[in-house]
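[1] build me a model from this:
(one chain, ligands or ions: 1)
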Amino acid sequence: MCGIVGYVGSRDAVVPVLEGLQRLEYRGYDSAGISFKNPEGKLQVVKKEGKLDNLRSVLETQKPKTSIAIGHTRWATHGHVNETNAHPHGNDLFAIVHNGIIENAFELKESLQAEGEKFHSETDTEVFLVLLTKLFKQTGDIKKSIIETFKQIEGNSAVVILNKDENKLYAIKRSAPLVCGRRSGRESGELFLSSDPYALVGYVDRLFFPDDEILCELDPEATFIHFYDLEGNATEQFQKEARSTQETLSTKGEFEHFMLKEIHEQPFLTKQLAGFYSEGVGKELLDRVKGKKFDHINIIGCGTAWHAGLVIKNILESELRVKVTIDLASEFRYRDPVLEKNELALFISQSGETADTIACAELCKKKGLTLYSIVNVKGSTLYRMSDENFLIYAGQEIGVASTKAFTNMVLVGALMAFTLKGEDAIKTLGSELNLLSDKIEALLSRENELKIIAKEIFQEKGFIYTGRNIYFPIALEGALKLKEIAYVHAEGYAAGELKHGPIALIDEQMVNISIVGSELFEKTLSNTEEVKARRGKILVVGVKENSKLKSISDFYFGLDFDGLKYFSPVLVNVVMQILSYYIAKEKGTDIDKPRNLAKSVTVE
Ligand code: AGP
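    Model prediction:
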């Protein structure tokens, strides 16, 4: 989703801003822009629709020299995808970039227009610019005008402001990601900001995460970042984190796509997980929560994280015998849920920045629940809000379609479940983690079989993924993966639910990807028979070397589940990931950055 990068300091500002925007490309965007002060002291805005390279080529011709710049990649929410609506938005006095949504933009715009103010774009962002400029003209005070403008906007936003007469950057946010960074050592100081710390890797040695409604002032003269509350008083309301500059940027290595690389990382990540939780902070965390009792567990997440939650729910319920409910964050936040103090709210998120998930965390915090998160990004908003964080240690996930994060979410969820049960989770699950790792490795060595199946089926009209019980979440996740990257219609269904409606879709151009494990084997088999009887194409992913499965299927991918007590859904899911990847490859789509999608959904 939208990305922000800002820089002020002693080097050519366009370089780190463009580099930062490039690193945020994986998040998804449809236009990009930059604003900087030119040598005459005027604010200049350059923006282009489409890929960052379009912007880059204009800048390469202009070769601007500047020490202060802000840049943005836009994922359209208000207004069409075009150059006018792209950020930054600017005038003679200010240039701004904005992530999030100004919910009362329409009302503010109407009243500003009634006062004679002019607008040029369809965006909500321009409302901030126009209001800020109006207030600044009245008061002549930048900080006050930003704060007053910010007070008037509703909704979750992060805004970065560049003023023509100052060599400083200002930023402020509410429930939207924002990070400031400082690089020490250079004479005049170098200050950065972004919506994602990944943009700043290698550039900074200190990160500052401002709280909501805190104005950040990045002043290279002072070589420091000042923080102010909404009364304009200096404050220390931010979290500081030292980050190693050794942290590396992800590369695709030998793989054609990040997604494929991330799929292949899973055996290693699975194996190393037990290590993280056997010592140090991981072990301390497990020791802290061991045996903790909750009356009820509410699991909340979106998309793939929600699917991981479904798998975790099954494990929690069967092991703890406690009531567990699971909600999509976008629904939970508006359905006025009954929440009690001795309940656990368990949030699952790769990015830790998903707007709906964060809104639910705010709600649960207000209601006094304990907040645990299963999260990948340390230091993310969700991470900072939670009472305990179960990091999934999946490393940076660049592919928009989540793969390795799903796997590690489930595994960490299981470690959490057994710990709450009072067991030594590493003892209980350690050997199964190793076994799973070996089985994924063995599965990856059969990648070519799935590639061949993908070639056979990629042109079919639609795909219905089915599974029962522990495999139902995998049917949902398999279908989501295919939709996301191959742009074909796919649905995940509980196999037993087919005859309640979707079976009407079945004909010879429909593929049923049927997950058949040893649990409920006969029942799932008969659901698959029903599809076969209606001429659907059958791909069975299930127990290996089974003659019944062989005879029913057009394509059969047998799996060795021996020894897997809890993690067979994870193994099946890896099959789904590979299959989606190769179907998408046949279709020739943009696998790592699928159309219309953003890696982290920071707006509602
Ligand atoms: C996964 O492939 C998707 N891109 C998407 O559904 C994702 O899982 C969802 O947006 C939640 O993101 P989060 O884990 O960062 O909160």
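[2] for the residue of the stretch 201-350 of the chain at minimum distance from the ligand, which non-adjacent residue is closest in space?
    Nearest residue of the stretch 201-350 of the chain to the ligand: G303, at 1.8 Å (Cβ to the nearest ligand atom). All C-beta spots, glycine's among them, are computed from the backbone N, C-alpha and C. Distances taken as Cβ to Cβ, 6 or more residues apart in numbering put L480 closest to G303, at 6.7 Å, once the chain neighbours are dropped.
[3] contacts only, for S373.
    Shown in contact with S373 (Cβ atoms under 8 Å, 6 or more residues apart in numbering): 346-349, 352, 361, 382-383, 385-386, 388-390.
[4] again but with P197, I slipped
    Taking Cβ under 8 Å, 6+ apart as the test, what P197 contacts is V179, G181, L207, R243, G379.
[5] quick one: contacts for the residue in the stretch 451-600 of the chain that the ligand sits nearest to?
    Proximity of the stretch 451-600 of the chain to the ligand (Cβ to the nearest ligand atom) peaks at S600, 5.0 Å away. Contacts for S600 (Cβ under 8 Å, 6+ apart) come out as M1, R27, D196, Q350, S351, E353, T354.
[6] where does the stretch 51-200 of the chain have low pLDDT?
    185-188 (pLDDT under 70).
[7] residue in it nearest to the ligand?
    P177 (11.2 Å).
[8] counting neighbours, what do you get for that residue?
    Applying other Cβ atoms under 10 Å, we find 28 residues neighbouring P177.
[9] got the residues of the protein near the ligand?
    Contact residues (Cβ under 6 Å from any ligand atom) of the chain with the ligand: 302-305, 349-351, 354, 357, 400-402, 484, 600-601.
[10] between the residues you listed, which is closest to K587?
    Set against K587, the nearest of the residues of the chain next to the ligand by Cβ to Cβ is E484 (12.0 Å).
[11] worst-scoring helix or strand of the chain, pLDDT-wise?
    Lowest by mean pLDDT, DSSP states H and E among the helices and strands of the chain is strand 238-242, with a mean of 66.
[12] ok, and for the helix or strand that contains S111, which residues are buried?
    Secondary structure assignment for S111, by DSSP states H and E: helix 105-114. Residues A105, L108, K109, L112 are the ones in helix 105-114 that count as buried (16 or more other Cβ atoms under 10 Å).
[13] return the residues in contact with the second one.
    Contacts for L108 (Cβ under 8 Å, 6+ apart) come out as I102, V127, L131, Q152, I153.
[14] swap in the third one?
    K109 is in contact with F119, E126, V127, V130, counting by Cβ under 8 Å, 6+ apart.
[15] picking up where we left off before, just give me the least confident of the contacts of S600.
    Note: of the contacts of S600, the lowest pLDDT belongs to M1, at 75.
[16] with I583 as the reference, measure out to the residue nearest to that residue when sequence neighbours are not counted.
    Using Cβ to Cβ, 6+ apart and skipping residues adjacent in sequence, the residue nearest M1 is A598, 3.6 Å away. Distance of A598 to I583, given as Cβ to Cβ, to the nearest Å: 22 Å.
[17] how about K134?
    53 Å.
[18] out of those two, which sits in the more crowded spot?
    Shown here are K134 and I583; by other Cβ under 10 Å, I583 has more neighbours (27 against 15).
[19] please, which helix or strand holds that one?
    helix 568-587.
[20] so what are the domain limits for the protein?
    Following automatic domain parsing, one gets these domains for the chain: 3-241, 250-429, 446-604.
[21] now for T235, how many residues are close by?
    16.
[22] revised request: answer the last question for E545.
    9.
[23] so it sits right up against Y556, yeah?
    No - E545 sits out of contact with Y556 when judged by Cβ atoms under 8 Å, with a separation of 9.6 Å.
[24] quick check: neighbours shared by those two?
    What both E545 and Y556 touch, as defined by Cβ under 8 Å, 6+ apart, is an empty set.
[25] closest one of the contacts of S373 to E447?
    Closest to E447, out of all of the contacts of S373 and judged by Cβ to Cβ, is I348, at 27.8 Å.
[26] residue contacts, that closest one?
    Contacts of I348 by Cβ under 8 Å, 6+ apart are 299-301, 305-306, 308-309, 312, 357, 373-375, 409, 413.
[27] show me the helices in the stretch 51-200 of the chain, by range?
    Taking DSSP state H, counting those that start in this stretch as the criterion, the stretch 51-200 of the chain carries its helices at 52-62, 105-114, 125-139, 142-152.
[28] check the stretch 501-604 of the chain too.
    According to DSSP H, counting those that start in this stretch, the helices that the stretch 501-604 of the chain contains are 521-533, 547-552, 568-587.
[29] likewise for the stretch 251-400 of the chain?
    So, for the stretch 251-400 of the chain - with DSSP H, counting those that start in this stretch - the helices run 258-264, 266-276, 280-289, 303-320, 329-332, 355-366, 381-385.
[30] hey, which of these is tucked in deepest?
    helix 258-264 (a mean of 24; mean count of other Cβ atoms under 10 Å).
[31] can I get the CA coordinates of it in PDB?
    Presented in PDB, the C-alpha positions along helix 258-264 are these (Å, rounded to 0.1, in the frame of the first residue of the first chain):
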ATOM      1  CA  PHE A 258      10.600 -13.700  -4.300                       C
ATOM      2  CA  MET A 259       7.600 -15.800  -3.800                       C
ATOM      3  CA  LEU A 260       9.400 -18.900  -5.000                       C
ATOM      4  CA  LYS A 261      12.400 -18.100  -2.900                       C
ATOM      5  CA  GLU A 262      10.200 -17.600   0.100                       C
ATOM      6  CA  ILE A 263       8.500 -20.900  -0.500                       C
ATOM      7  CA  HIS A 264      11.900 -22.500  -0.600                       C
END
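[32] return the distance of it from the chain's centre.
    16 Å (Cα atoms, centre = their mean, to the nearest Å).
[33] now what about it, what contacts it?
    26, 250, 252-253, 255, 397-399, 401, 403-404, 444, 485, 574, 577-578, 581, 591-592.
[34] how about 7 Å then?
    Outside of helix 258-264, the residues within contact range by Cβ atoms under 7 Å, 6 or more residues apart in numbering are 250, 252-253, 255, 397-399, 401, 403-404, 444, 574, 577-578, 581, 591-592.
[35] sweet, I'm off.
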